[in-house]
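Undergrad: Turn this into a structure:
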Amino acid sequence: MTPSADSAPADPPAWWTGSVVYQIYPRSFQDSDGDGIGDLRGVLRRIDHLVELGVDVVWFSPIYRSPQDDNGYDISDYRDVDPLFGTLGDLDEVIAALHERGIRVVMDLVVNHTSDEHPWFVESRSSRDSPRRDWYWWRPPREGMEAGTPGAEPTNWASAFSGPAWELDESTAEYYLHLFSRKQPDLNWENPAVRAAVYDMMRWWLDRGVDGFRMDVINLVSKVVGADGSLADGVVVDGRFGDSRLQTVNGPRLHEFLQEMHREVFEGRREGLLLVGETPGATVEDGRLFTDPSRQELDMVFTFEHVHIDHGPGGRFDLHPLDLRELKATMARWQHGLFHAGWNSLYWENHDQPRSVSRFGDDGAYRRESATMLATVLHLHRGTPYVYQGEELGMTNAHFRDLSDYRDIESLRFAAEARAHGRLTDEQLVAALGSGSRDNSRTPVQWDATASAGFTTGTPWIGVNPNHATVNAEAERADQASVFHHYRRLIALRHDDPVVRLGDFALVAPDHPRVYAFTRSGGGPTLFVAGNFSGDPQDIDVDGVDPASAELVIGNYDDRPPVASGVMTLRPWEAVVLRAAHGPMRGEP
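TA: Got it, this is the predicted structure:
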């Protein structure tokens, strides 16, 4: 049975249940000095855009000092700003300006790994006897094998960025673990000194005025370690490398570490903060444990199930047509699973995902309609919506035509490996990266139709999408029917309507292959939400809804969809939200 709103927790709802978060990927947001890379003073120029949009929180992707091997997710100094982006003084000014406008600031926290240029790791690799040797995962070659030979790595784990997850340090003849780039060695959270140093750094940022953290791959910090300190091989699916997830995802001490973090960092200063965990591989049951307020761990999590549904065996570079029924079932499972105790982050795209209108919609003739439909369906769920920069403009994938256009380390390593093994032609690689590369979401924000889209006066670090001549903030702001103004209305609706924030969720017609429909109810009139995930008209049974008396709350066409004999016909990529005048509408849990 679907839980009712009356059974929800009696405590006052947290402030973030009615909030919307905006993610800024700084190097692509706004450049202020002409070097082609976005920066903090560029953010200052665009604060009015955020205020007009109506968002409540800004989350900054990493701006710390970094060699930029993985665009800042390889941190060499947690307590300074990289000169690419400005100075600590610039950041203080940005935080103050956002706070003055009522917008909170969340920092990306990357503590599963550091850069190999961080002083902690430099000292750790200096000698086997270094006091910080145990701050990272160092292991000798596999027994009976010579260091440096293929297969001599301590385990067979694969890196998320291709190749082995172990890198040989020739000076000490041992390997260090890196689940991502070889320049991102994993911190050893089993060592209490590591945790103490991380917590001290987090307190330093809170003292500086930030309002919380988005914790990058936080559920990887606890590894499965044998009593003798050993790490086990993973199952080999293809080639010689094994899957490490059973040994690295949601490890045995993870909840202990998160609760310790809460005590050491957040106790006594919890009000007003937002704690978000990126948790790849987490199940609904894991999500409840992470976000149940009584456990004092996190406020909400980023789940991945819904953005993996269209992946084939090749992962992000092997996108398959979306099965909407599977997407609906997954989203509904999380909606129901976190209803009583827990909370979720709602998103279609971010710095790691392609543009949603190209992935799930139609980025050609129906770009506006499909972008606004996707936004409507997402924002009417229970959870905290995240808007990734440019999403509110209906920005599309880059559709780069040459491999040389790409900058992302994951994409480049995938292409190099595929070429080396002769698995894909260059034409096939361009197609794979064109649909799945993280660079699709990292092209500069399109502010206007001028050269470089108003992002920079110099040469941008990555190519600007050619469609910026028509898809840009200036044009969107001038059109009241635009994607931008639709996002404004959705954000205002969450602010104003308690049913959007906290109401129950029930699927309608879960087996419909093209329409995503559901109700939100409890504490007020019921909302009926429907989105057409296709370019053809689609019928949906609205038995229980009286279209004549129901209020049209929001839609992405100029008028209501036609209804005849209890059947509503949604036009291509149409979205509609109706508010019942009296009584509940029918939904299926």
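Undergrad: switch to C-alpha atoms for all contacts and neighbour counts from now on
TA: Fine.
Undergrad: ranges for the strands of the stretch 301-450 of the chain?
TA: Using DSSP state E, counting those that start in this stretch, the strands found in the stretch 301-450 of the chain span residues 311-312, 315-319, 345-346, 384-388.
Undergrad: who does the third one touch, helix- and strand-wise?
TA: Judged by 3 or more C-alpha pairs under 8 Å, 6 or more residues apart in numbering; DSSP states H and E, the packing partners of strand 345-346 are strand 300-302, strand 384-388.
Undergrad: so how far is that strand off the chain centroid?
TA: Distance of strand 345-346 from its chain centroid, counting by C-alpha atoms, centre = their mean, to the nearest Å, is 8 Å.
Undergrad: Please name the strands paired to it in the sheet, noting orientation.
TA: Using DSSP bridges, strand 345-346 pairs in its sheet with strand 384-388 (parallel).
Undergrad: now the strand it pairs with: mean pLDDT?
TA: On average, the pLDDT along strand 384-388 is 98.
Undergrad: Tell me how far the residue sitting nearest the centre point of the chain lies from residue 570.
TA: With distances taken as C-alpha atoms, centre = their mean, residue 350 lies nearest the centre of the chain, 4.6 Å away. As judged by C-alpha to C-alpha, to the nearest Å, residue 350 and residue 570 stand 28 Å apart.
Undergrad: Make a markdown table from the strands of the stretch 301-450 of the chain and add distance to residue 262 and mean neighbour count to it.
TA: As requested, these are exported to a markdown table (distance: least, C-alpha to C-alpha, whole Å; neighbours: other C-alpha atoms under 10 Å):
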| stretch | distance to residue 262 | mean neighbour count |
| --- | --- | --- |
| strand 311-312 | 35 | 14 |
| strand 315-319 | 34 | 18 |
| strand 345-346 | 20 | 21 |
| strand 384-388 | 21 | 24 |
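Undergrad: Show me the helices in the stretch 151-300 of the chain, by range?
TA: 192-208, 245-248, 254-261, 284-291 (DSSP state H, counting those that start in this stretch).
Undergrad: Residues contacting the longest one, please?
TA: With C-alpha atoms under 8 Å, 6 or more residues apart in numbering as the contact definition, helix 192-208 has outside contacts at 78-79, 92, 111, 135, 187-189, 212, 261, 264-265.
Undergrad: nearest to residue 327, of the residues you listed?
TA: Using C-alpha to C-alpha, residue 212 comes nearest to residue 327 of the contacts of helix 192-208, at 30.1 Å.
Undergrad: beta partners of the closest one?
TA: Residues in a beta bridge with residue 212, per DSSP bridges, are residue 274.
Undergrad: Can you report how many residues neighbour it?
TA: The tally of other residues near residue 212 (other C-alpha atoms under 10 Å) stands at 23.
Undergrad: what's the answer for the one 5 residues further on, then?
TA: Other residues within reach of residue 217, judged by other C-alpha under 10 Å, total 19.
Undergrad: need the strands for the stretch 451-589 of the chain, in chain order.
TA: Shown for the stretch 451-589 of the chain, the strands assigned by DSSP E, counting those that start in this stretch span residues 504-508, 515-521, 527-532, 538-541, 551-555, 563-564, 567-570, 575-579.
Undergrad: Quickly run through the sheet partners of the last one, with directions.
TA: When pairs are called by DSSP bridges, strand 575-579 turns out to pair with strand 527-532 (antiparallel), strand 551-555 (antiparallel).
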